[in-house]
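Asks: could you work out the structure for the sequence below:
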Amino acid sequence: MSKQTIQELRANLAANLRTIRAAKGYAQDSLALDSGVHRTMLSKIERCLTNPSLETLVKLANTLEVSVSDLLSEQN
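Replies: Okay, here's the model as predicted:
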C-alpha cells in the first residue's frame, strides 16, 4: 500500500462521492437534504475545492450507507 498525498485523497473522494451518489440515485440537492451537508459543500468536495471535516465525511458515508474508507479509497 503506497502513501497517498492530500491531493490524491481529495481526488479519490471527489470521484468516489460522485460515483456512489449517482449509483444510489441521489442528486446533490437530495443528498444534501438527507445528510445535513450543504449542497455547495458537496459541490466543492466533488470538484476537489475543499477538504471536508471528519464529521462531514461521516455524515456522507452514513447517508450513502458506505464506509468513510470507501469514500477515500483508490479505485482501480
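Asks: how near is the residue positioned nearest the centre of the chain to residue 59?
Replies: Centroid check for the chain by Cα atoms, centre = their mean gives residue 17 as the closest residue, at 3.7 Å. For residue 17, the distance to residue 59 equals 12 Å [Cβ to Cβ, to the nearest Å]. Where C-beta positions appear, they are placed from N, C-alpha and C, glycine not excepted.
Asks: quick one: low-confidence parts of the chain?
Replies: Under the criterion of pLDDT under 70, the regions of the chain flagged as low confidence span 1-2, 76.
Asks: one more time with 50
Replies: 1 (pLDDT under 50).
Asks: which residues in this structure form helices?
Replies: For the chain, helices defined by DSSP state H occupy the ranges 6-23, 28-35, 39-46, 54-64, 68-72.
Asks: show me what the first one is packed up against.
Replies: The reference is to helix 6-23. Contacts defined by 3 or more Cβ pairs under 8 Å, 6 or more residues apart in numbering; DSSP states H and E place helix 6-23 against helix 39-46, helix 54-64, helix 68-72.
Asks: isn't residue 37 right up against residue 31?
Replies: Yes. Under the contact definition of Cβ atoms under 8 Å, residue 37 touches residue 31, with a separation of 7.5 Å.
Asks: find residues that contact each of the two.
Replies: Overlap between the contact sets of residue 37 and residue 31, as judged by Cβ atoms under 8 Å, 6 or more residues apart in numbering, is given by residue 60.
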